[in-house]
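Participant: The following comprises the amino acid sequence and a computationally predicted model.
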Amino acid sequence: MNILIYFPSSYNSVFILTVIDDLIKKQHSVYLLTTTPYGILQEGAEKLGAKVYAGNRSNDIYHLFKEMYQLIKFCRKHQIDYVFSHLQYLNLVAVCSRFFIKASVFPMRHHADDVYLTGNKNAKLLDQLVNIFSRKILVVSPACRIHMTKYEKVPEKKIIILPSYYNFQFYNLLHLTVDRNQLSYTDNALHLINIGRMVKNKNHITLLIVMQKLVKEGMNIILNLLDEGPLESELKEFVRNAGLTENVFFLGRKTDVLSYIRTADLLVHTSISESAGQVVKEAGVCQVPVIVVKGTGDFDEYIIDKENGFFVSKDNMADELYQVLKFVYQNKFMLKEMGEKLGRAVIDNFDVANAQLTYTNIIDKSIYSL
């Protein structure tokens with residue numbers, strides 16, 4: 001079979017590389033088509049044997065018909081049998097194009113309810129159109145399906161849960177480039193990291209409010225924030241006004257995320273909207289324990305409270321986060337073993353060798369044929 005992975009990024013994605021590697025090992029011809037220039041992802045895909053086509057095209061709905069033309073032309077030229085598209089805009093391109101190509105099209109949705117929570121009308125429209133024009137939709141967690149059936153009224157039979165799976169050998173921990181000497185670390189501090197786009201649903205402000213309280217109580221805590229977003233200036237202003245400039249550091253967006261995770265004692269993931277939460281799994285790869293929000297993403301499936309991580313609730317997050325961080329600060333010795341347990345749980349649940357359903361199964365199982 002000729003399989004197309006249709007993806008809007010050049011950033012490294014172990015999930016995408018795992019999919020490509022698995023399909024090639026099953027004797028399929030795999031193509032990677034991106035709307036971004038050649039980068040780390042494309043280089044990795046080529047090394048695995050994929051045929052890579054990178055571009056520099058627009059990723060917005062105003063160029064929908066132009067992108068549809070490119071995709072239709074590509075699929076016809078290379079006689080593509082299956083298209084696996086990713087993320088909102090390219091999913092829309094793919095499902096609109098399926099009427100003009102022979103290939104079966106499977107859009108993969110990576111978000112659960114964040115569009116619903118933010119109320120972004122354009123993003124809601126994109127979801128609605130993908131839902132309408134799709135024959136089948138792949139989602140990465142039960143949380144996605146529950147939201148789609150309950151709030152978007154998508155028939156359950158239209159949705160296939162395909163959890164993210166990984167070849168963890170692709171996480172090369174021997175060549176991580178950042179160590180504690182390059183950051184603001186001290187031996188006796190508790191070192192936290194938070195990674196997420198600076199938007200309302202990621203709840204950075206709650207973490208910063210808790211940080212202010214803990215620092216005022218004399219606790220030596222350092223927090224590194226990775227990524228960017230529309231709330232960045234507001235969060236920086238809060239840090240300045242709260243007297244946290246020696247405790248909280250904005251590091252921007254990084255491509256070598258694992259390098260930064262492994263320098264931390266604990267990943268604090270305050271997001272209230274997740275589909276699967278890849279960064280939490282990457283913390284497990286680095287054997288760094290986590291704090292996550294209960295009932296979010298797929299965390300309840302593999303995180304055990306106070307064993308390989310900590311849960312806080314959506315309704316009482318600030319108070320619970322304060323109590324957990326205060327406990328961790330006084331019991332830092334527990335974190336190493338917790339991180340090791342999280343690493344084992346991530347591999348047990350998400351290693352490609354243990355995956356119950358993969359892209360190969362989607363192709364092979366007649367139950368999913370379109």
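Facilitator: Received it, and whenever you're ready, just let me know what you need.
Participant: So for stretch 193-210, mean pLDDT?
Facilitator: For stretch 193-210, mean pLDDT is 94.
Participant: And for stretch 134-148?
Facilitator: Stretch 134-148 comes out at a mean pLDDT of 90.
Participant: same question, stretch 75-95
Facilitator: Across stretch 75-95, the average pLDDT comes to 95.
Participant: For it, buried residues please.
Facilitator: 75, 78, 80-95 (16 or more other C-beta atoms under 10 Å). Bear in mind the C-beta positions are built from the backbone N, C-alpha and C, glycine included.
Participant: Same check on stretch 225-243?
Facilitator: Neighbour-count burial for stretch 225-243, counted by 16+ other C-beta under 10 Å, picks out 225, 226, 227, 229, 231, 232, 235, 238, 239, 242.
Participant: gap between the two ends of it?
Facilitator: 16 Å (C-alpha to C-alpha, to the nearest Å).
Participant: neighbouring contacts of that stretch?
Facilitator: 193-200, 202, 204-205, 208, 211-212, 215, 244-245, 248-254, 257, 260 (C-beta atoms under 8 Å, 6 or more residues apart in numbering).
Participant: So for it, mean pLDDT?
Facilitator: For stretch 225-243, mean pLDDT is 96.
Participant: repeat for stretch 61-69
Facilitator: Averaged across stretch 61-69, pLDDT comes to 87.
Participant: List the buried residues of that stretch.
Facilitator: Judged by neighbour count using 16+ other C-beta under 10 Å, the buried positions of stretch 61-69 are 61, 63, 64, 67, 68.
Participant: before we move on, back to that, just the buried residues of the contacts of stretch 225-243.
Facilitator: The neighbour-count criterion (16+ other C-beta under 10 Å) marks 193-199, 202, 204-205, 208, 211-212, 215, 244, 248, 257, 260 among these as buried.
Participant: Who are the packing partners of the helix or strand harbouring residue 325?
Facilitator: Residue 325 belongs to helix 317-330 when assigned by DSSP states H and E. Applying 3 or more C-beta pairs under 8 Å, 6 or more residues apart in numbering; DSSP states H and E, one finds that helix 317-330 makes contact with strand 190-195, helix 204-216, strand 266-268, strand 290-293, strand 309-312.
Participant: what's the next secondary structure element after it?
Facilitator: For helix 317-330, the succeeding helix or strand toward the C-terminus, using DSSP H and E, is helix 335-350.
Participant: now the helices and strands packed on helix 317-330 as CSV including distance to residue 280?
Facilitator: Below are the helices and strands packed on helix 317-330 laid out as CSV (distance: least, C-beta to C-beta, whole Å):
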stretch, distance to residue 280
strand 190-195, 9
helix 204-216, 15
strand 266-268, 7
strand 290-293, 5
strand 309-312, 8
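Participant: deepest of these, which one?
Facilitator: Of all these, strand 266-268 has the most neighbours on average by mean count of other C-beta atoms under 10 Å, namely a mean of 26.
Participant: what lines up beside that one in the sheet?
Facilitator: strand 190-195 (parallel), strand 290-293 (parallel) (DSSP bridges).
Participant: Give me the contacts around the shortest one.
Facilitator: Spelled out, that is strand 290-293. Strand 290-293 has contacts (C-beta under 8 Å, 6+ apart) with 203, 266-272, 277, 280, 283-284, 299, 303, 309-314, 317, 321, 324-325, 342.
Participant: just the first one next, same as before
Facilitator: With contact meaning C-beta under 8 Å, 6+ apart, strand 190-195 is reached by 180, 185, 204, 207, 219-227, 257, 260-261, 263-270, 279, 288, 325, 328-329, 332.
Participant: Check the offset of it from the chain's centre.
Facilitator: 18 Å (C-alpha atoms, centre = their mean, to the nearest Å).
Participant: okay, the angle between that strand and helix 317-330?
Facilitator: Orientation check (axes from the mean of the first three to the mean of the last three C-alpha atoms, to 10 degrees): strand 190-195 against helix 317-330 gives 140 degrees.
Participant: relative orientation of strand 190-195 and helix 204-216 in degrees?
Facilitator: Interaxial angle, strand 190-195 versus helix 204-216 (the same axes, to 10 degrees): 170 degrees.
Participant: Quick test: name the residue nearest the centre of the chain.
Facilitator: For the chain, residue 278 is the residue whose C-alpha lies nearest the centre (C-alpha atoms, centre = their mean; 3.9 Å).
Participant: Residue 263 versus that one, what's the distance?
Facilitator: Separation of residue 278 from residue 263 (C-beta to C-beta, to the nearest Å): 19 Å.
Participant: same check, this time on residue 299
Facilitator: As defined by C-beta to C-beta, residue 299 lies at a distance of 23 Å from residue 263.
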